[in-house]
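>>> Next comes the sequence, and after it the predicted model I'd like to discuss.
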Amino acid sequence: MIRMLRPFLAKLSNREKMAISIGIGFVAIFILVQVAVFPFFDARERLERRLASHTISYNEIKQLRVKYSELQNRVDNSKTRFNRRQRGFTLFSFLDKLAGQVGIKERITYMKPSSKKQKDTSFRLSLVEMKLNGISMEQITRFLYRIETSQNMIHVRRLSLNKKEEKGGLLNVILQVETFEV
């Protein structure tokens, strides 16, 4: 191919040869840029995007790890508190005993226990609904405080307070208390 171009190039003047050389140089540079430089920068840009994406994912994983650690600590604390509970603990008997300690046992109209097996665990949710008639705000406050601060992981689920019409300042109370049992 070069042999065929030699007679043609020999006929050209130096100025034309220079123009062709410059043109060939521009074409060579253009091809080099298209083949080597642009793909390099495109690859670099893709890598930077992937790095940014992976950095975001990494930060999310770190945050999830912190949340997981916090939850694991809460689970461990709950297990410890659960294991400290007396053998044979029942919510019904605990509330009955607590009502006696607070001095409202004679005000109990009813106590309705129920329990529900939790899916995929060995635990069941124990619930007791209580109705108390004619108790003072101080008495219900002490009773609720003792429930919520108990080491037996007991929580008030629902509370309904109604003012008793006959005597001023006394309340009728319906509350639901729950805990997990083995």
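Received, thanks. Numbering: from 1, shown residues only.
>>> Quick one: name whatever helix or strand follows the longest helix belonging to the chain.
The helix that spans the most residues within the chain, counting by DSSP state H, is helix 38-84. Toward the C-terminus, helix 38-84 is succeeded by helix 91-102 as the next helix or strand (DSSP states H and E).
>>> Spatially central residue in this protein, please.
With distances taken as CA atoms, centre = their mean, Lys67 lies nearest the centre of the chain, 6.8 Å away.
>>> Distance check, it against Asn73.
11 Å (CB to CB, to the nearest Å). Heads up, the C-betas are built off the backbone N, CA and C, glycines and all.
>>> what number of residues lie near Leu98?
18 (other CB atoms under 10 Å).
>>> again, but for Ser21
By other CB under 10 Å, neighbour count at Ser21 equals 10.
>>> same check, this time on the one 10 residues further on
With neighbours defined by other CB under 10 Å, the count for Ile31 comes to 10.
>>> Quick check: which ranges of the protein have low pLDDT?
1-2, 167, 182 (pLDDT under 70).
>>> Domain boundaries for it, per the record?
1-84, 91-181 (automatic domain parsing).
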